[in-house]
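Participant: Predicted model and sequence below, questions to follow.
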Amino acid sequence: MRYNTLGRTDIRVSEICLGTMTWGSQNSVAEAHEQLDHAFDKGVNFIDTAELYPTTPLSSETYGDTERFIGEWLAKRGRRDDVVLATKVAGPGRPYIRNGGPTTPEGIEQAIDASLRRLKTDYVDSTRSIGRTAVTTISAMPGPTTRPSRTRRMSPAISGRSSTSSAIS
């Protein structure tokens, strides 16, 4: 497996990222753990998820299941520091996610805190907003939410400005 440095951080990520958007609706927790074990054994260290996964279909009944599956796997394996974990904050419009309201700094903090609980970890390596808003990577949130991840573009609603951050080019 080849690895690259993530932006201007010291985080090394595998060239292959394991996507997880169907875990919880198209496969079981046992199957998800088998896929994680296989990927990890092959050198994949980069896992992508989101608070709203699984997406097949999106529903309040399965909301957060994918992060729970990953959290159980991380807790069983005890190798959190060997995994690069990226998650995403859902944008507005789904009544079962923060009442469907707009993306706000407070909502982002709530989403990250809930993701951390589901993922059974005290940090994520990369977080961004997805959905009906501009893609936003959140970094340097107060507290132990992130290792040095960097921001690609801050949404004006979050940063108060529309310029690109100084982090990843």
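Facilitator: Right, received. Where do you want to start?
Participant: Every contact and neighbour count from this point should use C-alpha atoms.
Facilitator: Fine.
Participant: List phi and psi for the most centrally placed residue in the chain.
Facilitator: Geometric centre of the chain, nearest residue: Thr87, 0.4 Å, by CA atoms, centre = their mean. The phi/psi pair for Thr87 (degrees, to the nearest 10) reads phi -130, psi 170.
Participant: same deal with the one 5 residues further on?
Facilitator: In this entry, Pro92 is assigned phi and psi values of phi -70, psi 170 (degrees, to the nearest 10).
Participant: Surely it touches Ile108?
Facilitator: No: between Pro92 and Ile108 there is no contact under CA atoms under 8 Å: 11.2 Å.
Participant: ok so, going back, check contacts around the residue nearest to the centre of the chain.
Facilitator: Contacts for Thr87 (CA atoms under 8 Å, 6 or more residues apart in numbering) come out as Asp48, Thr49, Ala50, Glu51, Ser115, Val124, Ser126, Thr127, Arg128.
Participant: and which of those residues is nearest to Arg79?
Facilitator: For the contacts of Thr87, the minimum distance to Arg79 (CA to CA) is 13.5 Å, reached by Val124.
Participant: beta partners for that closest one?
Facilitator: Taking DSSP bridges as the rule, Val124 bridges to Thr146.
Participant: Now do the strands in the chain.
Facilitator: Using DSSP state E, the strands found in the chain span residues 3-5, 12-14, 17-19, 46-48, 84-90, 126-130, 136-138.
Participant: Show the pLDDT at Ile158.
Facilitator: What the model reports as pLDDT for Ile158 is 34.
Participant: Please apply the same query to Met141.
Facilitator: Met141 is given a pLDDT of 43.
Participant: can you check Val44 too?
Facilitator: Per the predicted model, pLDDT is 98 at Val44.
Participant: Give me the neighbour count for the closest residue to Arg118 other than its chain neighbours.
Facilitator: Ranked by CA to CA, 6 or more residues apart in numbering and with sequence neighbours excluded, the top spatial neighbour of Arg118 is Arg68, at 4.8 Å. By the criterion of other CA atoms under 10 Å, Arg68 has 22 neighbours.
Participant: What part of this protein, helix or strand, is modelled with the least confidence?
Facilitator: Every helix and strand of the chain was ranked by mean pLDDT, DSSP states H and E. The lowest is helix 156-159, at a mean of 34.
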